[in-house]
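Student: When you get a sec, could you give me coordinates for this:
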Amino acid sequence: MNKDLYAFFLALISIYLFHLRLSVDEIKVIQPNSENQNYNVTTNDGEEATSKRNYIVRFLDYKKADDHKVYLEENLGLLKGWKWIERRNPASAFPTDFGLVSIEQSFYTSLIERIGKLGFVKDVSADLSYSRGLLSKDRRKRGSFDNGKKRPGKIFTSMSFSDGEYHSPLSNSSISWQRKLMMERSQVTSLFGAETLWDKGYTGGKVKMAIFDTGIRANHPHFRNIKERTNWTNEDTLNDNLGHGTFVAGVIAGEDEECLGFAPDTEIYAFRVFTDAQVSYTSWFLDAFNYAIATKMDVLNLSIGGPDYLDLPFVEKVWELTANNVIMVSAIGNDGPLYGTLNNPADQSDVIGVGGIDYSDHIASFSSRGMSTWEIPHGYGRVKPDIVAYGREIMGSKISTGCKSLSGTSVASPVVAGVVCLLVSVLPENTRKDILNPASMKQALVEGAAKLSGPNMYEQGAGRLDLLESYEILKSYQPRASVFPNVLDYTDCPYSWPFCRQPLYAGAMPVIFNVTILNGMGVIGYVESPPSWHPSNDEGNLLSIHFTYSEVIWPWTGYLAVHMQIKEEGSQFSGMIEGNVTVKVYSPAPRGEKGPRRSSTCTLQLKINVVPTPPRSKRILWDQFHNIKYPPGYIPRDSLDVRNDILDWHGDHLHTNFHIMFNMLRDAGYFVETLGSPLTCFDAWQYGTLLMVDLEDEYFEEEIEKLKDDVTNTGLGLAVFAEWYNVETMVKMRFFDDNTRSWWTPVTGGANVPALNDLLAPFGIAFGDKILNGEFSIQGEQSRYASGTDIVRFPQGGYLHSFPFLDSSESGAASGMMKEESSILGLAEVGSGRISVYGDSNCLDSSHMVTNCYWLLKKILDFTSANIKDPVLFSNPVRRNQPLLKDDNQLPSRRTDVNFSTYSGVLGKNLICQSDSRFEIWGTHGYSSQTIGKNRRLPGFPAAEFERNLNMTLGGSIAEQANITNSSISSSSKLGNKSSKTIDLLGLLNRDEVRRLPFSSGHALVSCNSMADTRSCFSFWSFAVFELLENKTEAPAKEEVKFWSFVKCIACPKGRVFWGLRKLSSGWRFHNKLAASIHPG
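Tutor: Alright, predicted model coming up:
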């Protein structure tokens, strides 16, 4: 098969592996929580509706809709309970890749399974719907949730709002902005210098602009070039009855002097995809996207978004749209100033995601912040938004005539879309497609942007849009590849936050920096060779870098994750390490052209601050692995007092909704690292405290056993911040979504208390199922307890703090509104270690915090890390003279009506240390319990299959992989090392024992399943030499041993590695400190 064709198919497959984390059914059905659904609904006239639901059936090929219908009819035979839904819209004139069917609940199971197994069916998914508040009359942000209930439609976030007022989620008051003079506010085009290009004759001519919104009126006086209006809804109108679509079109192409658009000659194609009730379905979008592809749109603006990046039909169709050279611009969301609130599709790397700024070049308080959360827990998020533009008090067209102002990122998005149309028109029409594509346009925008002083990269992206700078870049643009961001500078604070807030040091978990590869040379590209690290000086050799990356880059973009560790010999080094990471990308010649392939070298500049390894008492490890967020499951909010957001979707990461806490800990002198793998994947001797906050997942038995040992034997401190958990309350939170016709039910509480109780059982500690609310004070320090739980078991001799609270759980509410004493904070010494447990995390979470409890966290860490007992927490009145006990049958129990394994990273999964853990244990089970007083490495799976080198995103894969063998992994241990002629065993020669064996990819190691003949496959656990000299009959000297690693399976019947293993089996010992034992294969 032709390599390019092979790579194309590989790219299609890889979209399932692109930053997603799903369970893929054998019958190819994408179905959210189907086992807990009830489809009986009541219509507005009070009659019970037929229990039916619409499903999208996606096919493997484009055909006429009637052909797909015939295919289903022929294969389903006389089966009842389903009906093909005719879609009468402009897309019906073109081939399609999906069909819409209605299925009755009584036939649901048999039909979904039968359809999903058909050979030409790709998958089956529910036809979800969007619903949004475009224009808020009450001047407040409105989204999918109102008074604790979900409004009709798919999850979305708030959009434009008017009258210059915005409600901050961090306070109970509205923030009023000083309104500017009408003419000052109207000249957003002047602020970007659009007149300069207008004077040159560029006005957006011959550019096809698709506006996906609420439509537009045909005879609107503000527009000179409305080419086509199409309706994709179930309402019989093409007009805009809300005004949002008209406003967006005015910002892009209006010609009224009071509200000028950027590209007045742009050809407007108005796609009406929202009803007057502001509702839209996925199937409407799919048809409209297909039509945009078929009619060859140049630019598309989508001022909508939400947190559901796992609506696979929608996400994949966006990929297909951009792959067909449509430049998509989308709003990043109005959920600021909260972090981890990026909206989809703006968070996709092939889409230009737009944030908002005010007229003072400050990030607008409403603008959503990054990072992206697709990659959590094993990876690190990408930098988004891509760019920011003015989005406050922007003037645009009213429905019929005249101008008005709106604010929001859905306003900033058409500002950028208008600029893009203007820039497209700069290039001659006959040569545009040779240069312009989603990647090259993004390159021009981000490289031309003006970096703002103050905001970090996850707030502003590349910076403020600069039309004229981007114009200069496009004038001389030649197709190339680049990375964004292209610099990581630890001295550039606050832009490089959070990296600039904490230096690197030896022994730490890898620091991961995730950059986006932009390939302006072609829709498909390839990484020609593994990335390499080129230090600028000898100190740079102290930095060990591994890479995970997209070997196939499609569509237009890929990722390069840089995993950085300081070698052990740098444990006392203090200073800067500088150098470049380079990766070479190539694309085949454009379709229909003959000639050489295009190639380009991308460069990422690194300037890293390094300090000596901090003392154990100053090092904290944050447990990210046991967090579960929305999507895909209904993970409820932590504070039940929050009524406008029912989901926990902000990532629960140190650098998203816990970013303020992270900064506080750094200011207090702590070094905080992140663990995205199981608890067996860290060496407890290195850390003062393991910090576990708001965790929803289960625990492996090995984790429970190791943590017990870590605390009692190694002296590890443990600080747990739990959340509410009450089954009766969860059942009550169940609600029916009348658009998807399905029941939503929480899969766990604010935290998974039954799992936490299992983890804490060896220490005699357990949480209960109360939901406590109220104020309390410890020695004058005031705090708020918001939907926290109670402590019902605690050991004798510990210190347990109790306060009167209201219990808002079902059982508590039934007993009246009387406050009762409940234990919420406990501290105890256990063996050599120390434990603190607290029943609430909202005081650490910046998303919905009322008051912070950082003062309490500091005192807790003083105790758990350094055994400093503050009298505020350690007083005789709160000391337990006897244990607090509660029977097992009175402890909170797990739900039996939810298949939790669908959402868990533990249940039904393999225990594996992923690429967020130390390099030397990638792909293994990690460390065992303390058998002789120090953590011992456990065997595991091989760390990589070096010959296959298939693509997978380590920052959140679709399937739960047993290991990381399908990744493109590279190490810089040799590349770019100026002292590579000398032995480099990653600083292990002087250690007392082999506690960390280095890992490096490449060379001659070959895995069994990549060999045609696997009869000589050896399964064993040993140390193996990656490179030996051929024809050598004596044991190699130390200097000839270049790399070591754990391996599981070797198959080289004629290769030198097989020869080396035979010599190993004779018991060679290369160094008495390194090769403590070598076992025969």
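Student: So which residues of the stretch 601-750 of the chain form helices?
Tutor: Using DSSP state H, counting those that start in this stretch, the helices of the stretch 601-750 of the chain run over 659-667, 701-714, 727-732.
Student: and stretch 530-537, which residues are buried?
Tutor: Under the neighbour-count criterion of 16 or more other C-beta atoms under 10 Å, stretch 530-537 has 530-535 buried. Placement of C-beta: from N, CA and C, glycine included.
Student: what's the span of it from first residue to last?
Tutor: Stretch 530-537 has its terminal residues 22 Å apart, counting by C-alpha to C-alpha, to the nearest Å.
Student: distance between it and the chain's centre?
Tutor: 28 Å (C-alpha atoms, centre = their mean, to the nearest Å).
Student: mean confidence score for that stretch?
Tutor: In this model, stretch 530-537 has a mean pLDDT of 97.
Student: hmm, back to that, among the buried residues of stretch 530-537, which two are most distant?
Tutor: P530 and P535 (16.5 Å; C-beta to C-beta).
Student: How are the helices of the stretch 801-950 of the chain distributed by residue range?
Tutor: Listed in chain order, the helices found in the stretch 801-950 of the chain under DSSP H, counting those that start in this stretch are 810-814, 854-866.
Student: do the stretch 451-600 of the chain as well
Tutor: 457-460, 467-475.
Student: and if you look at the stretch 51-200 of the chain?
Tutor: 65-76, 108-116, 182-186, 188-191, 194-199.
Student: other SSEs contacting the second one?
Tutor: Under the contact criterion of 3 or more C-beta pairs under 8 Å, 6 or more residues apart in numbering; DSSP states H and E, helix 108-116 touches strand 29-30, strand 52-63, helix 65-76, strand 96-104, strand 121-126.
Student: name the helices or strands packed onto the last one?
Tutor: What it means is strand 121-126. strand 29-30, strand 52-63, helix 108-116, helix 312-323.
Student: what's the most buried one of these?
Tutor: helix 312-323 (a mean of 22; mean count of other C-beta atoms under 10 Å).
Student: quick check: mean pLDDT across it?
Tutor: Averaged over helix 312-323, pLDDT sits at 96.
Student: Can I get that helix as PDB, trimmed to CA atoms?
Tutor: C-alpha atoms of helix 312-323 as PDB (Å, rounded to 0.1, in the frame of the first residue of the first chain):
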ATOM      1  CA  LEU A 312     -17.900  12.500  19.100                       C
ATOM      2  CA  PRO A 313     -20.100  13.000  16.000                       C
ATOM      3  CA  PHE A 314     -19.800  16.800  16.500                       C
ATOM      4  CA  VAL A 315     -16.100  16.800  17.300                       C
ATOM      5  CA  GLU A 316     -15.200  14.600  14.400                       C
ATOM      6  CA  LYS A 317     -17.300  16.600  12.000                       C
ATOM      7  CA  VAL A 318     -15.300  19.700  13.000                       C
ATOM      8  CA  TRP A 319     -12.100  17.800  12.200                       C
ATOM      9  CA  GLU A 320     -13.500  16.900   8.800                       C
ATOM     10  CA  LEU A 321     -14.600  20.400   8.200                       C
ATOM     11  CA  THR A 322     -11.200  21.900   8.800                       C
ATOM     12  CA  ALA A 323      -9.600  19.000   6.900                       C
END
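Student: could we number from 346 for the rest of this?
Tutor: Will do, 346 is the new start, and the previous item becomes helix 657-668.
Student: same question for the helix or strand following that helix, mean pLDDT?
Tutor: For helix 657-668, the following helix or strand on the C-terminal side (DSSP states H and E) is strand 672-676. Mean pLDDT, computed over strand 672-676, is 98.
Student: Quick one: distance of strand 672-676 to the chain centre.
Tutor: That offset, for strand 672-676, works out to 19 Å (C-alpha atoms, centre = their mean).
Student: Mean neighbour count and distance to P855 added to the helices of the stretch 946-1095 of the chain, as TSV?
Tutor: Shown next, in TSV, are these (neighbours: other C-beta atoms under 10 Å; distance: least, C-beta to C-beta, whole Å):
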stretch	mean neighbour count	distance to P855
helix 1004-1012	18	17
helix 1046-1059	20	20
helix 1072-1077	17	37
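Student: Which of the ones you listed comes out lowest on mean pLDDT?
Tutor: When I compare the helices of the stretch 946-1095 of the chain, helix 1072-1077 is least confident, with a mean of 89.
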